[in-house]
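1. after the sequence you'll find the predicted model.
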Amino acid sequence: CGGPTTACTQLGLGAANLPTHFDGGVKQTRDITFSQSPALALDIYKPAQASTPLPVIVFFYGGRWTMGQKSQYAFAGNTLAQQGYVVVIPDYRKYPDVKFPSFVDDAARAVAWARENIADYGGDPSHLYVAGHSSGAHLGALVATDPQYLAAHGMKRDVIRGFAGLAGPYAFIPEEADLKDMFGPPENYPQMQATTFVDGQQPPMLLLWGSDDTAVGKFNMDKMAARIQEKGGAVETKIYPGISHAWIVGALSWFGKNKAPVASDIDAFFKTQ
């Protein structure tokens, strides 16, 4: 699911997605190209009966920057759509095919596409939010904090109204060989830490973490929140007792929704922005 180690083995992604194949309450539009070069696509989930433009969530899945695909996270798109959002789940390039910052560039490209095109799919581009789990939260946080990524598409960070991060590694230093290769050399490390770019002007942030998470340390949330507070930005944090790295996103599935109120907490936070 992302972060310095992988924990998705705890979570049966196939089982999580079973109900999404026959849920008539959510309309799915798959494999929409948002980038020709590199070739990348996204999926969109929206309430089937929506009559007015809805707020938008661009959701980035985790996978340690090396694995995962959008179809595996249909459960997340489905659940967030049921909260009343148009949900965009994009793919992005992975290591070892690319290294940092290519996958962050892809994430920014997806946000920019949503801002420019989501009205065609029933979304309100003026109410656009970003969320992500683990390495996906890392991507989303960098797009929301480092202005260069959206600036490459002629946009400012304020197109993002709010960010929700599920167990994101916002401030870690690579220690494993592949992560050092992915993000290195060491003088580059500040550029891959979202805390570096917090200046008080980034969108309001909701940082979520589970107390049983052994993959992404709590210090990431703590350092990010402290930096935001130091710079006068808006941040909320929440810790879910007994929730692991995998189950914080698994709480968006039909069989995990009673473990932690992740979906309703994200919804409540975004509604206040």
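-> Received it, and whenever you're ready, just let me know what you need.

2. pretty sure D178 sits against Y95.
-> Yes: under the criterion of C-beta atoms under 8 Å, D178 makes contact with Y95 at 7.0 Å. Where C-beta positions appear, they are placed from N, C-alpha and C, glycine not excepted.

3. now do the shared contacts for these two.
-> T66 (C-beta atoms under 8 Å, 6 or more residues apart in numbering).

4. these two: which is more packed in?
-> More crowded of D178 and Y95, by other C-beta atoms under 10 Å: Y95, with 19 against 13.

5. pretty sure Q69 contacts Y92?
-> No: taking contacts as C-beta under 8 Å, Q69 lies outside contact range of Y92: 9.9 Å.

6. where does the stretch 1-150 of the chain dip in pLDDT?
-> Within the stretch 1-150 of the chain, the segments meeting pLDDT under 70 span 1-16, 18-24.

7. which parts of stretch 44-59 are buried?
-> 44-47, 53-59 (16 or more other C-beta atoms under 10 Å).

8. most remote residue from this protein's center?
-> S51 (26.3 Å; C-alpha atoms, centre = their mean).

9. quickly note the distance from that one to S126.
-> Remark: distance between S51 and S126 (C-beta to C-beta, to the nearest Å) = 18 Å.

10. report the two of the buried residues of stretch 44-59 separated the most.
-> P53 and F59 (18.5 Å; C-beta to C-beta).

11. what pLDDT does the residue lying closest to P261 once chain neighbours are set aside get?
-> Distances taken as C-beta to C-beta, 6 or more residues apart in numbering place A251 nearest to P261, at 7.6 Å, with adjacent residues excluded. Per-residue confidence (pLDDT) for A251: 96.

12. tell me, how many residues neighbour A251?
-> Residues within reach of A251, counting by other C-beta under 10 Å, total 26.

13. so who does it touch?
-> With contact set as C-beta under 8 Å, 6+ apart, A251 has these partners: 240, 243, 257, 259-263.

14. from those, which shows the smallest pLDDT?
-> Among the contacts of A251, K257 has the weakest pLDDT, 87.

15. right, and it touches A263 too?
-> Yes: shown here, K257 and A263 form a contact pair, counting by C-beta under 8 Å, at 6.9 Å.

16. identify the contacts common to those two.
-> With C-beta under 8 Å, 6+ apart as the test, K257 and A263 both reach 79, 251.

17. which residues sit against stretch 175-190?
-> For stretch 175-190, using C-beta under 8 Å, 6+ apart, the contacting residues are 4, 65-66, 95-96, 99-100, 173-174, 192, 196.

18. again, only this time at 6 Å
-> Contact with stretch 175-190 is made by 95, 99-100, 173-174, 192, 196, as judged by C-beta atoms under 6 Å, 6 or more residues apart in numbering.

19. by neighbours, which of those residues wins?
-> For the contacts of stretch 175-190, the largest number of neighbours (other C-beta under 10 Å) sits with M192, at 24 neighbours.

20. just the pLDDT at that residue, thanks.
-> With respect to pLDDT, M192 has a value of 98.

21. OK, contacts around it?
-> Counted by C-beta under 6 Å, 6+ apart, M192 has contacts 100, 183.

22. can you give me the strands in the protein?
-> 26-35, 40-47, 54-60, 86-90, 123-133, 162-166, 205-210, 235-240 (DSSP state E).
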